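Peer 1: turn this into a model:
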Amino acid sequence: MAWLILIALITVLLAATRLMGGRDLSRFDVDDPPSELKKGQEEVLEKVRGMNRAARGLRCRERVTVLRRYMDSLSDDLEPASEFQANTGTGPRGEWVMAPGTENTGRRLLYIHGGAWSAGSPKSHRAITDRLSREANAAVFALDYRLMPEHRYLDGLRDCQNAYQWLLKNGPKRPEAATFMAIAGDSAGGNHALVLSTWIRDQGLRAPDAVIALSPSTDLTLTARSLETHIRTDPLLGPAFGRLTRIPRPILWWLVFLAFRRPPCSPLVSPARGDLSGLPPTLIHVSDSEMLLDPARRYALRAQEAGSPVELAVWSGMIHVWHIFAPMLPEGEEAFAHIGAFLRRDDLGSKTARQSESSDEERNSAGRECGALGRI
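Peer 2: Have a look, this model is predicted:
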């Protein structure tokens, strides 16, 4: 009897493990070798090495504390054009970022910072939110969402959902309806932004006029080719996450499940694996040197196949989320100019997503692959 129980348990575990990986999306990956990092990023690389040195040898909470402190220091030498004002009244935690000339507070942008869901803050990403306020001519709200490990991944996502709904009705000075609404995020924050975009569609809320994802994490099944081939050319993510590629994939999937409390193929953690029809105009920036290249490509190409206006801009030889180092890099300035041009398109509003017309069968098949995904 004991042997039968053991065999049954092993069978269930193997079946659950297979479900965690979901469908094979490798057809969207490319065999092209990574570009070497462009010259001129020495100052940026020194900052990255400093962060790696500060966290070296530390474990768990102590490491997280040091990384949070170091990331916040990235804005210490910034000379912003914008004013930063903490949201001290009702509503979500965060800060308003207002560039000169943003008197029309009906134009708003929700910014969701990166930092592997465990670090980062509105302060750490002021170099980005300052520029976005100028390029979008909008009041930017940088959300201070709940981070892991003190909180669950889904707690942070719920903060994003609540913040979006609040911003539809509230500006930096008073309650008023938004006339223009955008969402943006980088890395882990890009993941939240893309998951949020789908949630807004499914809830039937006012769709954002634009979504911007900078080097986003889109697929936590960790099956994308560039996660292994681009370790050497990604000085930011490579040292921190490159060692994960040596762990057998089934074990990795269970580790992701334990950390995020969702299967890796769940669209709640891997937006590239959800129903990507009926989405708003979306712009994705990624570098061909970074580990997240193929995951970003998977999201963009699947969304395009589903008929959504999603654009992928691949930059050559840049560090992960090079936008945060824009004051040091001409490519950072070029990236923000590209974002500004995207936001100023005359037809942007006309492309705002309608409700998804994809078949119920496609949504149900995605659910069968991952098991019971659930909702927040």
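Peer 1: from Arg273, how far out is Leu143?
Peer 2: Remark: distance between Leu143 and Arg273 (CB to CB, to the nearest Å) = 24 Å. C-beta: built from backbone N, CA, C; applies to glycine.
Peer 1: neighbour-wise, which of the two wins?
Peer 2: The neighbour comparison of Leu143 against Arg273 (other CB atoms under 10 Å) goes to Arg273, with 28 against 25.
Peer 1: buried ones in the helix or strand encompassing Ala54, by neighbour count?
Peer 2: Using DSSP states H and E, Ala54 falls within helix 42-55. For helix 42-55, the neighbour count (16 or more other CB atoms under 10 Å) marks 44, 47-48, 51-52, 55 as buried.
Peer 1: closest to Leu74 among these?
Peer 2: Nearest to Leu74 among the buried residues of helix 42-55: Lys47, at 7.2 Å, using CB to CB.
Peer 1: report the contact partners of Ser226.
Peer 2: When contacts are counted by CB atoms under 8 Å, 6 or more residues apart in numbering, Ser226 touches 29, 34, 290-295.
Peer 1: looking at those, which is nearest Pro172?
Peer 2: Relative to Pro172, and with distances defined as CB to CB, the nearest of those is Leu292, at 32.2 Å.
Peer 1: could you pull out the strands for the protein?
Peer 2: With DSSP state E as the criterion, the chain has strands at 83-86, 94-98, 107-112, 139-143, 180-186, 210-214, 282-287, 310-315.
Peer 1: okay if I get these as JSON lines plus mean pLDDT?
Peer 2: Output for these, formatted as JSON lines (pLDDT from 0 to 100):
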{"stretch": "strand 83-86", "mean pLDDT": "95"}
{"stretch": "strand 94-98", "mean pLDDT": "97"}
{"stretch": "strand 107-112", "mean pLDDT": "98"}
{"stretch": "strand 139-143", "mean pLDDT": "98"}
{"stretch": "strand 180-186", "mean pLDDT": "98"}
{"stretch": "strand 210-214", "mean pLDDT": "98"}
{"stretch": "strand 282-287", "mean pLDDT": "98"}
{"stretch": "strand 310-315", "mean pLDDT": "98"}
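Peer 1: nearest to Ala119, of the ones you listed?
Peer 2: strand 180-186 (12.4 Å).
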